[in-house]
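S.K.: A structural model of the following input is requested.
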Amino acid sequence: MSADDRAETHPAAPASASSGRRTIVVTGASAGLGYHAAEQLAALGHHVVLATRDAGRAAAAERSIRRHVDGASLEHLHLDLADLDSVHAAADELAELALDGVDAVVNNAGVVGAPTAQATAQGVELQIGTNHLGHFAWTARVLPLLEPRAGRVVHLGSIAHRWARLDHDDALGAGRYSSYRQYGRSKLAVMLFGFELAERLADAGSPVSSVVAHPGLSLDVLGVARPAVVPSRSEPARTRPAQRLYAQGKDAGAVPLVHAAVGDDVRSGQYWGPAGAFQLRGPARVVGAEPRAHDRAEAARLWTASEAASGVVFALDALV
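M.R.: Numbering: from 1, shown residues only. From the prediction side, this is the model:
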């Protein structure tokens, strides 16, 4: 592979990343943003755990990463965030795999749109149940693995949170179902949790940090080709220059997630995203979120509902 090809493959590796190999878990690493984040982290020399629900897709992602990154250090962990039994089993397996601890977990996996109302294995609406509740339980279970390394939790936010609000009486509910509306609600929940976790970790004196990052408007068709992993799209090539004015490829969209995971200048409670207009595209920087994503009263309601629905209580709660 040529140097030019490598530069295109990994568009903006964090200049401030610490040297030394880290162990980083990426959920949903077999496609989209998660795949590109995993590939970029492997290219930086880190050991990457591909936490996915489909072994076949994970194998394809692993082959692709090894094809583009010489000497990539990878392994697979089965994780289905729509089933809390799988979440618990995966956390137990990770504890056995990572005896020395974990440096970061990138909570990327999720459901983007479901045309009709569907539910997780435990009966929670699919988008919020996967995107938020599954990661809520997962984070609680893996937090002890992050403490020895003063690790990070990176949560995948979205500009879709700008138009979303949760139901005060049913934080995990869908109400009258709308796929777009519920996706936005799921991402608002992710961000409320991420920012609230940063506060509670600090209050508990934990060395672990919690960071939220988002990819802007990222499209597969604008990114580098990964035929075995990224689905082909039908948009004609002639429309892509116009699309690049307001969007970017998912490889570029993964850069804020990667930076949030390994950048030296990252601090707990920050929100990283594209630096361009309306946060749609551009290099990674600290950006602003809607005030309701920082609403601690709303976050407390969501936290209580999430503990009740998942049966998981964060160990740090006893210290707050």
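S.K.: Which strands or helices does the helix or strand hosting residue 298 pack on?
M.R.: Per DSSP states H and E: residue 298 is located in helix 296-310. When contacts are defined as 3 or more Cβ pairs under 8 Å, 6 or more residues apart in numbering; DSSP states H and E, helix 296-310 sits against helix 135-146, helix 179-203. Bear in mind the C-beta positions are built from the backbone N, C-alpha and C, glycine included.
S.K.: C-alpha coordinates for it, PDB please?
M.R.: Extracted in PDB, the C-alpha atoms of helix 296-310 (Å, rounded to 0.1, in the frame of the first residue of the first chain):
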ATOM      1  CA  ARG A 296     -28.800  17.400  35.500                       C
ATOM      2  CA  ALA A 297     -32.400  17.000  36.700                       C
ATOM      3  CA  GLU A 298     -33.400  15.400  33.400                       C
ATOM      4  CA  ALA A 299     -30.300  13.300  33.600                       C
ATOM      5  CA  ALA A 300     -31.200  12.100  37.100                       C
ATOM      6  CA  ARG A 301     -34.600  11.000  35.900                       C
ATOM      7  CA  LEU A 302     -33.100   9.200  33.000                       C
ATOM      8  CA  TRP A 303     -30.500   7.500  35.300                       C
ATOM      9  CA  THR A 304     -33.100   6.300  37.700                       C
ATOM     10  CA  ALA A 305     -35.300   4.900  34.900                       C
ATOM     11  CA  SER A 306     -32.300   3.300  33.300                       C
ATOM     12  CA  GLU A 307     -31.300   1.500  36.500                       C
ATOM     13  CA  ALA A 308     -34.800   0.300  37.000                       C
ATOM     14  CA  ALA A 309     -35.100  -1.000  33.400                       C
ATOM     15  CA  SER A 310     -31.700  -2.600  33.300                       C
END
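S.K.: what's in contact with it?
M.R.: Residues outside helix 296-310 that contact it (Cβ atoms under 8 Å, 6 or more residues apart in numbering): 84, 122, 124, 132-133, 136-137, 140, 166, 168, 170-172, 189, 192-193, 195-196, 199, 292, 312-314.
S.K.: in the stretch 1-150 of the chain, which spans are strands?
M.R.: 23-27, 47-52, 73-78, 104-107 (DSSP state E, counting those that start in this stretch).
S.K.: The residue nearest to residue 288 when sequence neighbours are not counted bridge partners, please.
M.R.: Sequence neighbours aside, residue 271 is the residue nearest to residue 288 in space, at 7.0 Å (criterion: Cβ to Cβ, 6 or more residues apart in numbering). Using DSSP bridges, the bridge partners assigned to residue 271 are residue 212.
S.K.: How much space separates residue 271 from residue 133?
M.R.: For residue 271, the distance to residue 133 (Cβ to Cβ, to the nearest Å) stands at 21 Å.
S.K.: Please tell me how far residue 146 sits from residue 130.
M.R.: In terms of Cβ to Cβ, residue 146 sits 22 Å off from residue 130.
S.K.: and what of residue 66?
M.R.: Distance from residue 66 to residue 130, by Cβ to Cβ: 28 Å.
S.K.: Which residue of those two possesses the greater neighbour count?
M.R.: residue 130 (24 against 15; other Cβ atoms under 10 Å).
S.K.: Now that the more buried one has come up, it's in contact with residue 110, right?
M.R.: Yes - between residue 130 and residue 110 there is a contact under Cβ atoms under 8 Å: 5.9 Å.
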